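S.K.: the following block contains a protein sequence and its predicted model.
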Amino acid sequence: MARIISILVGLFFTVALLWSFGNGAYLAITEPAPATAEEEFHKHPKDVSFASDGPFGKFDRQQLQRGFQVYKEVCSACHSLRLVAFRDLQALGYSEPEVKAIAAGFQVPGIDPVTGEDALRPGMPTDYFPKPFANDVAARAANNNAIPPDLSLMTKARHDGSRYVYSLLTGYQAQPAELLKEFPDAKTPAGLHYNPYFANLNLAMAPPLSGEGQVSYEDGTKPTVDQMAKDIAAFLTWTAEPKLEKRKQTGWPVIGFLLFATVLGYMSYRTIWADKKKKKKV
Amino acid sequence: MSFPWAKHYTPTHPFMQWMDEKLPLPRLVYNSVGSGYPVPRNLNYFWNFGFLAMACLMLQIVTGIVLAMHYAANQAVAFTSVEHIMRDVNWGWMLRYAHANGASAFFVVIYIHIFRGLFYGSYKAPREMVWLLGVVIFLLMMATAFMGYVLPWGQMSFWGAKVITGLFGAFPVVGEGIQQWLLGGFAPDNAALNRFFSLHYLLPFVIVGVVVLHIWALHIPGSNNPTGVEVKSESDTVPFFPYYIAKDGWFIGAAALVYCVFVFFMPNALGHPDNYIPANSMSTPALIVPEWYFWPFYAILRAFTSDFFIIPAKLMGVLAMFSAILVWFFLPWLDRSPVRSSAYRPLYRKFFWFGLIPAVLLLGYCGGAHAAEPYLMLSQIGAFYYFAHFLIILPIVSAIERPDPLPFSITEAVLGSDDNALLGTAEGSPHDTPAPAA
């Protein structure tokens, strides 16, 4: 009886699945899903390597400082970095007085010490990076109805994040003629910019790194667009995962200890079981 | 409970004798995971995963309790509090990565444990209750993992909660009411986040309780083994301590190595990047998927794309998804083959390796992909086999199959002869029976 019920229930589900499969197959043949511009022209991030890659990866502090400079002079005009505090910058190799000076260079929201009214004051190391816009409405109003996302976690919030940031910044180009020929409706709308590394190919952000020499690096590195894009991607890798180095450095002793303990454990297992194993024929 | 030849606990130290009279806790340990618990001597490494699952549960509870000390279950700050753990709490990043990857490790282990039971017929008499309690544990684990994934309040947390609670909305008449009752509102919100946190903290301890019952029920008949032949004499068993403590001990080190490679060197490999974007009810992600361990069931849910007579497609999907797990409750009564181990079931073994395993892997692959062709048709094929396997093939095969000859005893299977078993030699036990395929 149990088995008859079981087979009936089984038939119920399998027949329903066949019905769905049949309908799906019929639709797939009669009305195949049209190709989309995104499917054909979206590109995966470029292959570029960073000092922090790999199990032994470490940040290149000089590069992080350059990336921070790009953030400060270019990105911070529109993008917030709300999870990073000025005190965190010591990890980039800045000394305490340098961090104090950097913080003081930013105006953060505070109160007027006399009247108690809202006012701006110079930042302190304990402050977080200030937001460029007071709220989302202001951000939309200033950016063609798009909100510039916070960058703190950007390299963890996208597939292949560090490479994605680099590719996006260096990936702006004119819309390919083949795309327009094949998908006339997919023409980049006014106010948006074509970029094959962006999921839907058109984004509101204008190319932020416009040309060589947009920033002038103190360490003498040549500020090409490619270099600036790499530096900011490295910096954002740090903002997303400031404990990355500590994590990898902790990992190795842990793996080493576990290997040692596991080998010891395996040897004692062999010893304990020696008399229970099948004796080999001589 | 246990076999007549099990060693007896005889404390020699006066303190232990005193203790044994007042509270025989050492006696309980001795009889359940010590020298007083005889276990089949031929268990292979698939039998290590029960112990590993217990270790995972402990790991999750310990890391989870410390994380809860720093986490704030409030819609406004939940996401930031998780980042506070990652950035400012001492070793917070390690605790969180250990907990997030610990959930994945737990599911890897539990899936191997479950399929071990399926292959070797561990669900059959006299171990039905062990199996039923195990399915209950799995359901509790799924609920706990789902609610845990909501807590960081990222995009995938929010939309995952919306989709999964939305499933209850598929039931006619009462569905919408149930959905709103579960969420405490019309959409995931502070009320939902708070109750999910509360339950995410509670359920692991419920799991501990059911695990105690699971092990208790196991200790009455004792462990199954790769031959599926019941223990007959003392030579078929070894005491749990030191034999299986030593085996579990080194194997847990090996498993921890794999786990630590994830925690320290690729902690986000199993997660979805969208969950590093704060929850936003106004922006739907391009692809809403649960964590990888739910993908096979998610694929079954989405496989039903057409209404079936009067039943809407969505309701069919929900019924099928729940049934895909509930069917496990009935296995002991659907599989009537007296032979437990598939090592001696030539026909069923083929369906297991070439049917069930590929179907589940296919479903897992499709569950993580976009709900579009060809993934839908592939999930329909996978789900078709899944239901056919348990509800149609298993009952029929167990009736018509002619199993291979079983070894006379576990000892014979291990050593090639069983000198202790006089009955075996007297009847001319099939010494020439080939050793079972592992």
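M.R.: Nice, I can see it.
S.K.: tell me what the lengthiest helix in chain B is packed against?
M.R.: The helix that spans the most residues within chain B, counting by DSSP state H, is helix B:190-219. Other helices and strands packing on helix B:190-219, by 3 or more CB pairs under 8 Å, 6 or more residues apart in numbering or on different chains; DSSP states H and E, are helix B:49-68, helix B:128-150, helix B:155-168, helix B:175-183. C-beta here means a position set from N, CA and C on the backbone, and glycine is covered the same way.
S.K.: contacting residues around the residue nearest in space to the middle of chain B?
M.R.: Using CA atoms, centre = their mean, the residue of chain B that lies closest to the mean C-alpha position is residue B:110, 2.9 Å off. Applying CB atoms under 8 Å, 6 or more residues apart in numbering or on different chains to residue B:110 gives the contacts B:49, B:53, B:56, B:138, B:141.
S.K.: how near is it to residue A:121?
M.R.: In this structure, residue B:110 and residue A:121 are 54 Å apart, going by CB to CB, to the nearest Å.
S.K.: against chain B, how distant is residue A:17?
M.R.: 5 Å (CB to the nearest CB, to the nearest Å).
S.K.: what segments of the stretch 251-400 of chain B are helices?
M.R.: B:295-303, B:313-326, B:331-334, B:346-351, B:357-367, B:375-388, B:394-400 (DSSP state H, counting those that start in this stretch).
S.K.: what's the pLDDT at the residue nearest to the centre of chain B?
M.R.: pLDDT recorded at residue B:110 is 98.
S.K.: okay, and it sits in which element?
M.R.: helix B:92-119 (DSSP states H and E).
S.K.: relative to helix B:128-150, how tilted is that helix?
M.R.: Interaxial angle of helix B:92-119 relative to helix B:128-150 (axes from the mean of the first three to the mean of the last three CA atoms, to 10 degrees): 150 degrees.
S.K.: could you check the angle helix B:49-68 makes with helix B:92-119?
M.R.: Using the same axes, to 10 degrees: helix B:92-119 against helix B:49-68 is 150 degrees.
S.K.: roughly how far out does helix B:92-119 sit from the chain middle?
M.R.: Relative to the chain's own centre, helix B:92-119 is displaced by 9 Å; criterion: CA atoms, centre = their mean, to the nearest Å.
S.K.: mind listing what's buried along the helix or strand harbouring residue A:14?
M.R.: Element membership for residue A:14 (DSSP H and E) is helix A:2-30. In terms of neighbour count (16 or more other CB atoms under 10 Å in any protein chain shown), helix A:2-30 has its buried residues at A:3, A:6-7, A:9-10, A:12-14, A:16-17, A:19-21, A:24.
S.K.: any idea of the mean pLDDT for that helix?
M.R.: So the average pLDDT for helix A:2-30 ends up being 94.
S.K.: what packs against it?
M.R.: With contacts taken as 3+ CB pairs under 8 Å, 6+ apart, helix A:2-30 sits against helix B:313-326, helix B:331-334, helix B:375-388, helix B:394-400.
S.K.: from the chain's centroid, how far away is it?
M.R.: 42 Å.
S.K.: cool, and stretch A:66-75?
M.R.: The answer for stretch A:66-75 is 17 Å, by CA atoms, centre = their mean.
S.K.: returning to what we had before: can you tell me how far the residue nearest to the centre of chain B is from residue B:334?
M.R.: 22 Å.
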